[in-house]
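Colleague: how would this look folded up:
(chains A and B)
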Amino acid sequence: MPVIDITQLSYCYRENNPPVLQDVSLQIYSGQFVGIAGANNSGKSTLCYAMSGVVPHLFHGKFSGNVKINGISTLEHTVSDISNQVGLVLQKPDNQISGMRFTVFEEVALGLENRGFERETIRKRVSEMLNLMELSSHAERSPFHLSGGQQQRLALASVLAVDPPVLILDEPTTFLDPSGAFHLFSILQKLQKEGKTIIITEQRTDLLAAFTERVIVLQEGRVRKDGSPQNVLTTPDIETAGIGRTRYTKTAELAKKNSLWQTDHALPATLNETIAGLRIRKNTDDYKN
Amino acid sequence: MTIRIKNISFSYPDGSRALHNLSLTIETGECVAITGHNGSGKTTLVKHLNGLLKPDNGDVLVNDSNTKACKTGQLARQVALLFQNPDDQICKQTVRDEIAFGPKNLGFEKDKINLLVEVSLALFDLVQYKNHNPHDLGYSERKRTAMASIVAMDSPVLIFDEPTAGLDHLEIELLLKVFEKLQRENKTIIVISHDVDFIAENMDRTITLANGEKIFDGPVRNLFQDDSLLARCGLLAPQMVQLSKSCKLPSAALSPQEFISLVQD
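Modeller: Predicted coordinates for the structure are as follows:
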């Protein structure tokens, strides 16, 4: 049984507005690391909201179709029930930080307190999360005095603290520097190996190609492609859907035109796939002549 | 329009040191990236170029005028600055009025304002939104509105703080076309960015800051080939530099085209 099972989902925020999602059907299975790509306004955030119950419970638009989490329809759950199953990390961390707590430690503890965990359990769990997100040295600071990258990791720590089996992250790297973005994806990969299901929307295709196992392309609210990163991210028509192919793919295309590509290799999306397919000298000394 | 920064230092009122003894010169028509960790002083530095901040020590000369002796309004005519977050900038009720706000404040004639606004709307693909309230639009439309407002001021120097953050592929292509136009007009373009692949392909020179000090100033290729420097400023090598290194090329390529020409016989 899929963890998330969406059938014929259509949604618009206001009656008579154009639909933001149209006839979306897809299944996500336990332990998958799934990337969702698409232009701005293609429906990525709304899909994240639908998979976490925010749509239709907190936005009252026109909803049709069905979204099931572990077999139960989101319409039959409350958002707080769903949040035990699915943790959602928003694009802008300052929209997520509660503003009800004075320190980073207290912010991470909030979800556990609301669920009635014992004091010692909370203390231990919060410390683990701060450690994982490399925020331990900031535990006593105000959440609002952290940098954008630190706030993003705090939002993730707060969501992870309640240990939902599914994590959904909406463009979490927008405000991170490159090493921060890479670090975040590395943490997500580690969580996936521990059994979590990870769903992430992201503009940077090099990160999607390097870390995810499946990429879904949204265009004007519809699923246009769904497959392995290498298959999906190398097709030229994703560029018209607002998704930039990696420089590796572009290099291989040029290499192909110049007979520098091994014909039995598919177009690459990652560094390693590119190195494997190039027909060039791969030794510095070869270039000295 | 030369910008000369001579030994400037700046601390915020809470005492935190943001810039320390920093000097640099930017000439007319240059295309310069400013890179560095979050909190390294990048935004503080560019706020000195249009007089939003004045240095505690040292001087900033814009076209030989010291910013300490200039009003911010005078400097805005020379140096236009895009904030990272469009919501820090947008203040009008329609996209059109927002874009007209800058040129109006600079005292341009009505015909010139209309022309600048129409051109900027078209450049950033905003014509269909011109009568919308910017606050009703999505993030990328608000960001494009903010960028169009800067371009409409027709200043010789334009500064963009993280212009590609939150934009999709097609919107970045649009931004590149605007940059090409600005370069043809010999404008100076200064970009604060973490987007290493964008910088590698589109910028000539980069200035790198760490803890308020300049740690690098030179061709982008030299920065991206230097692993220890990249680590100091929280950057990773661009995709093409990583590929060049993995293939053990004697020098790093900055674009796919350059890579192919380097590996061809």
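Colleague: For burial, what's the neighbour tally of residue 213?
Modeller: Picked chain A for this. 13 (other CB atoms under 10 Å in any protein chain shown). (C-beta placed from N, C-alpha, C; glycine too.)
Colleague: wait, I meant chain B there
Modeller: Neighbours around B:Glu213, by other CB under 10 Å: 16.
Colleague: confidence score at it?
Modeller: For B:Glu213, the pLDDT comes out at 96.
Colleague: swap in B:Ser140?
Modeller: pLDDT, read off for B:Ser140, is 88.
Colleague: Am I right that it is in a helix?
Modeller: Yes: counting by DSSP: H, G, I helix; E, B strand; the rest coil, B:Ser140 is located in a helix.
Colleague: Could you tell me which residues make contact with it?
Modeller: B:Ser140 is in contact with A:Asn40, A:Asn41, B:Gly166, B:Leu167, B:Asp168, B:Glu171, counting by CB atoms under 8 Å, 6 or more residues apart in numbering or on different chains.
Colleague: do A:Leu21 as well
Modeller: A:Leu21 neighbours (CB under 8 Å, 6+ apart): A:Leu9, A:Ser10, A:Tyr11, A:Gly43, A:Thr46, A:Leu47, A:Ala50, A:Gly221, A:Arg222.
Colleague: Equivalent analysis for A:Glu273, please.
Modeller: A:Gln230, A:Tyr248, A:His265, A:Ala266.
Colleague: on that earlier part again, neighbour-wise, which one of the contacts of B:Ser140 leads?
Modeller: B:Leu167 (25 neighbours).
Colleague: I'd like to know how far the nearest residue in space to that one that is not next to it in sequence sits from B:His169.
Modeller: Using CB to CB, 6 or more residues apart in numbering or on different chains and skipping the chain neighbours, the partner closest in space to B:Leu167 is B:Ser140 (5.9 Å). B:Ser140 is 12 Å from B:His169, where distance means CB to CB, to the nearest Å.
Colleague: in the stretch 51-200 of chain A, which spans are strands?
Modeller: Ranges of strands within the stretch 51-200 of chain A are A:62-69, A:72-73, A:86-89, A:166-170, A:197-201, based on DSSP state E, counting those that start in this stretch.
Colleague: thinking again about what came up before, out of the contacts of A:Leu21, which are inside helices?
Modeller: A:Thr46, A:Leu47, A:Ala50 (DSSP state H).
Colleague: Shouldn't A:Ile36 be within a strand?
Modeller: Yes: under three-state DSSP, A:Ile36 falls within a strand.
Colleague: The strand or helix carrying B:Leu45 near chain A at all?
Modeller: Here B:Leu45 sits within helix B:42-49, counting by DSSP states H and E. No: judged by CB under 8 Å from any CB of the partner chain, helix B:42-49 stays clear of chain A, getting no closer than 10.9 Å.
Colleague: Centre of the chain to that helix, how far?
Modeller: Using CA atoms, centre = their mean, to the nearest Å, the mean C-alpha position of helix B:42-49 is found 10 Å from that of the whole chain.
Colleague: Using CSV, list the CA coordinates for it.
Modeller: C-alpha atoms of helix B:42-49 as CSV (Å, rounded to 0.1, in the frame of the first residue of the first chain):
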residue,chain,number,x,y,z
LYS,B,42,28.0,41.5,1.3
THR,B,43,24.8,43.3,1.8
THR,B,44,26.4,45.9,4.2
LEU,B,45,29.1,46.5,1.5
VAL,B,46,26.6,47.3,-1.3
LYS,B,47,24.5,49.5,1.0
HIS,B,48,27.6,51.7,1.1
LEU,B,49,27.6,52.1,-2.6
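Colleague: Can you name every helix or strand that that helix contacts?
Modeller: Under the contact criterion of 3 or more CB pairs under 8 Å, 6 or more residues apart in numbering or on different chains; DSSP states H and E, helix B:42-49 touches strand B:3-11, strand B:17-26, strand B:31-36, strand B:57-62, strand B:79-82, strand B:157-161, strand B:188-192.
Colleague: Quick check: which of the ones you listed is nearest to chain A?
Modeller: strand B:31-36 (8.9 Å; CB to the nearest CB).
Colleague: so that closest one versus strand B:3-11, what angle?
Modeller: 20 degrees (axes from the mean of the first three to the mean of the last three CA atoms, to 10 degrees).
Colleague: taking the mean pLDDT, what do you get for strand B:31-36?
Modeller: 96.
Colleague: Listing partners with orientation, what would you give for that strand?
Modeller: Applying DSSP bridges, strand B:31-36 is found paired with strand B:188-192 (parallel), strand B:205-210 (parallel).
Colleague: Report the angle between it and strand B:157-161.
Modeller: Using the same axes, to 10 degrees, one finds that strand B:31-36 and strand B:157-161 are set 30 degrees apart in direction.
Colleague: Which residue, other than its chain neighbours, is closest to the residue of chain B found nearest chain A?
Modeller: At 3.5 Å from chain A, B:His169 is the closest residue in chain B, using CB to the nearest CB. Nearest residue to B:His169 in three dimensions, chain neighbours excluded: A:Gly244, at 3.5 Å (CB to CB, 6+ apart).
Colleague: so who does the one you found touch?
Modeller: Here A:Gly244 is in contact with A:Gln203, A:Thr205, B:Asp168, B:His169, B:Ile172 (CB under 8 Å, 6+ apart).
Colleague: Could you list the residues of the stretch 101-250 of chain A in contact with chain B?
Modeller: A:147-149, A:171, A:174-180, A:182, A:203, A:206, A:239, A:242-244, A:246-248, A:250.
Colleague: taking those residues one by one, which sit in helices?
Modeller: A:Gly148, A:Gly149, A:Pro178, A:Ser179, A:Gly180, A:Phe182, A:Asp206, A:Arg247, A:Tyr248, A:Lys250.
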